[in-house]
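Asks: sequence and predicted structure, then a few things I'm wondering about:
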2 protein chains.
Amino acid sequence: MGQTKFWYLSTNRLFHDLPEKDKMEIMPMLKETRIGKKEFVFSAGDKAETIYILKEGRIKISRFSEEGRELTIDMLDPGDFFGELVLAGEEERETCAEALEDSYICAISRKNFEDFVSKRPALSFKITKWIGGRLKRIENRFESMIFQDVHSRVMATLQDLGMKYGVPVQDGILITVKLSHQEIANLIGAARETVTLELNSLKDSGEILMEGRKFILPSKRTL
Amino acid sequence: MGQTKFWYLSTNRLFHDLPEKDKMEIMPMLKETRIGKKEFVFSAGDKAETIYILKEGRIKISRFSEEGRELTIDMLDPGDFFGELVLAGEEERETCAEALEDSYICAISRKNFEDFVSKRPALSFKITKWIGGRLKRIENRFESMIFQDVHSRVMATLQDLGMKYGVPVQDGILITVKLSHQEIANLIGAARETVTLELNSLKDSGEILMEGRKFILPSKRTL
DNA sequence: CAATTTTTGTAATCTCCATTACATATTTAT
DNA sequence: ATAAATATGTAATGGAGATTACAAAAATTG
């Protein structure tokens, strides 16, 4: 299990190129926990004092309106870290983190993490890049929310997923994760029914293909 | 003028508590430029290699759609820095930076800035906080865009402005900057006409008061 | 493999807000 | 001061997409 954790540090986006010595130093500060599917790592309003690394599984970061509508901020994969906004001075969580499947996470206290990082400028840079990357992505989605209609937003989302989870197949790029219509709706700020309609019209027009319940982005060809 | 720059470093949010010695070191790397009202510091697509600090004036960060619609990302005041996303790996600007009035900015190359910061962990932390703060604000606006109608978004915007630029007066909080209806519209992703209508209905209902062309957020009292 | 729960399909209705189209007021430039 | 440019006011029309309300299909679970 210590071994596993060590291995894990090697795949993590932030830590993989740390010197062995540093890995040994941070390891004992990481506490591994199992989070069952549909359980929450934290919820809006919780006191924020921990940074997490997703080791195995999938985690969804989202916000809820008073009426219970959901906006998905991000979907995380193994190696991603989350709860990072405590580093930016967050005191109460503004988001919720929910496991989409049984997951394993490593937790480290803000204090320990900051001490560790403050001695390693290169790591600090990576964190800036990480958070900056999230900022850029959110800005892009914000823009697309304002300038584009549901049709374009659904397509943009599938394209993003294609970049991240796509594998080339016969007729195009297969998106290897399955997302319910509701989940797509939560990503683009639309009603589930509207997404269903849009998706079906995309199928009809050939803009997307299906392989079972998964989507394929067809490689462009002159029809 | 060197003196001015030195003074400036003392008011800047990132640098003000740097040791004198460090201020002396970074000073020669800062190049001061004047930007006339309505001029652009940079535009989307420009090569990104510089970080700026706003010394005097006001700068607006925005994005444009193909059809020329505008989304305002941020409004900056003296002491703020911008173009920071080069630190997060941005290679081409995704936003535009336009002077809302005659302004003075200090520019520093990415290389110089990174070298300087990498030797100063405390500064590095501040940058993380800065960018994280922007991330939080954008996420909040994104959420409000999705969950709330124009009425609430206008009110939320005025409330934000009140926090930032408000001074207490007789009947409430006076917002000391003037924003055109169009500018508010660009902040909340609405049509200018809709904002005009909404603003007038807010006046009628007493939810806001006017002092000339400026807004007052009335201190709550039981009507 | 039933039985439940979750997801998807479809259609009618309704609503908020964009669009269009000007009129008028206010500010800025000459 | 006068002209030109910007900002604001108002109203009619239209449309994208939310809401509501079910039915049917899939996927989970006991």
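Replies: Looks like it arrived, so ask away.
Asks: so which bits of chain A are right by DNA strand C?
Replies: By the rule Cβ under 7 Å from any atom of the strand, the part of chain A lying against DNA strand C is A:180-182, A:192-193, A:196-197, A:199-200, A:213. Heads up, the C-betas are built off the backbone N, CA and C, glycines and all.
Asks: ok, the residues you listed vs residue A:156, which is closest?
Replies: Of all the residues of chain A next to DNA strand C, residue A:156 sits closest to residue A:199, with 13.7 Å by Cβ to Cβ.
Asks: what residues are up against that closest one?
Replies: Shown in contact with residue A:199 (Cβ atoms under 8 Å, 6 or more residues apart in numbering or on different chains): A:154, A:181, A:184, A:208.
Asks: before we move on, what about residue A:30?
Replies: Residue A:30 neighbours (Cβ under 8 Å, 6+ apart): A:5, A:53, A:106-108.
Asks: among these, which ones are buried?
Replies: Burial by neighbour count, 16 or more other Cβ atoms under 10 Å in any protein chain shown: within the contacts of residue A:30 this picks out A:5, A:53, A:106-108.
Asks: who's in contact with residue A:105?
Replies: Neighbouring residues of residue A:105 by Cβ under 8 Å, 6+ apart: A:32-33, A:35, A:41, A:52-55, A:57, A:59.
Asks: part of a helix, is it?
Replies: No - if the criterion is DSSP: H, G, I helix; E, B strand; the rest coil, then residue A:105 is strand and not within a helix.
Asks: tell me how many other residues crowd residue A:65.
Replies: 13 (other Cβ atoms under 10 Å in any protein chain shown).
Asks: quick check, it in contact with residue B:147.
Replies: Yes - at 4.0 Å, residue A:65 counts as touching residue B:147 under the criterion of Cβ atoms under 8 Å.
Asks: hey, what's in contact with both of those two?
Replies: With Cβ under 8 Å, 6+ apart, residue A:65 and residue B:147 have common neighbours residue A:71.
Asks: circling back to that earlier point, okay, the contacts of residue A:105 in CSV with secondary structure and pLDDT next?
Replies: What follows is the contacts of residue A:105, written out as CSV (DSSP: H, G, I helix; E, B strand; the rest coil; pLDDT from 0 to 100):
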residue, secondary structure, pLDDT
A:32, strand, 94
A:33, strand, 93
A:35, strand, 93
A:41, strand, 96
A:52, strand, 96
A:53, strand, 93
A:54, strand, 93
A:55, strand, 90
A:57, coil, 92
A:59, strand, 95
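Asks: for those, pick the one with the most neighbours.
Replies: residue A:53 leads the contacts of residue A:105 on contacts (other Cβ under 10 Å) with 26 neighbours.
Asks: okay but it is in contact with residue A:84, surely?
Replies: No - using Cβ under 8 Å as the test, residue A:53 is too far from residue A:84 to be in contact (10.0 Å).
Asks: quick check, the residue in chain A closest to DNA strand C?
Replies: residue A:180 (3.3 Å; Cβ to the nearest atom of the strand).
Asks: what number of residues lie near that residue?
Replies: Neighbours of residue A:180 using other Cβ under 10 Å come to 12.
Asks: which two from the contacts of residue A:199 end up farthest apart in space?
Replies: By the measure Cβ to Cβ, A:181 and A:208 form the most distant pair in the contacts of residue A:199, at 13.0 Å.
Asks: which regions of chain A lie under the pLDDT threshold?
Replies: Applying pLDDT under 70 to chain A flags the ranges A:1-11, A:221-223.
Asks: show me where it has its helices.
Replies: For chain A, the helices defined by DSSP state H occupy A:2-11, A:20-26, A:110-118, A:121-147, A:150-165, A:181-188, A:192-205.
Asks: dump those helices into a markdown table; add distance to residue B:101 as well.
Replies: Compiled in a markdown table, the helices of chain A are given as follows (distance: least, Cβ to Cβ, whole Å):
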| stretch | distance to residue B:101 |
| --- | --- |
| helix A:2-11 | 50 |
| helix A:20-26 | 48 |
| helix A:110-118 | 39 |
| helix A:121-147 | 24 |
| helix A:150-165 | 35 |
| helix A:181-188 | 37 |
| helix A:192-205 | 43 |
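Asks: which of the ones you listed sits most buried?
Replies: With neighbours defined as mean count of other Cβ atoms under 10 Å in any protein chain shown, the helices of chain A peak in mean count at helix A:181-188, which reaches a mean of 21.
Asks: so which bits of chain A are right by chain B?
Replies: A:63, A:65, A:69, A:71, A:73, A:84-85, A:87-90, A:94-95, A:114, A:117-119, A:121-122, A:124-125, A:127-129, A:131-136, A:138-143, A:145-147, A:189 (Cβ under 8 Å from any Cβ of the partner chain).
Asks: list the contacts of the closest residue to residue A:123 other than its chain neighbours.
Replies: Using Cβ to Cβ, 6 or more residues apart in numbering or on different chains and skipping the chain neighbours, the partner closest in space to residue A:123 is residue A:117 (5.2 Å). Applying Cβ under 8 Å, 6+ apart to residue A:117 gives the contacts A:123-124, A:127, B:121.
Asks: what's the most distant pair in these?
Replies: Longest span within the contacts of residue A:117, Cβ to Cβ: A:127 and B:121, 11.5 Å.
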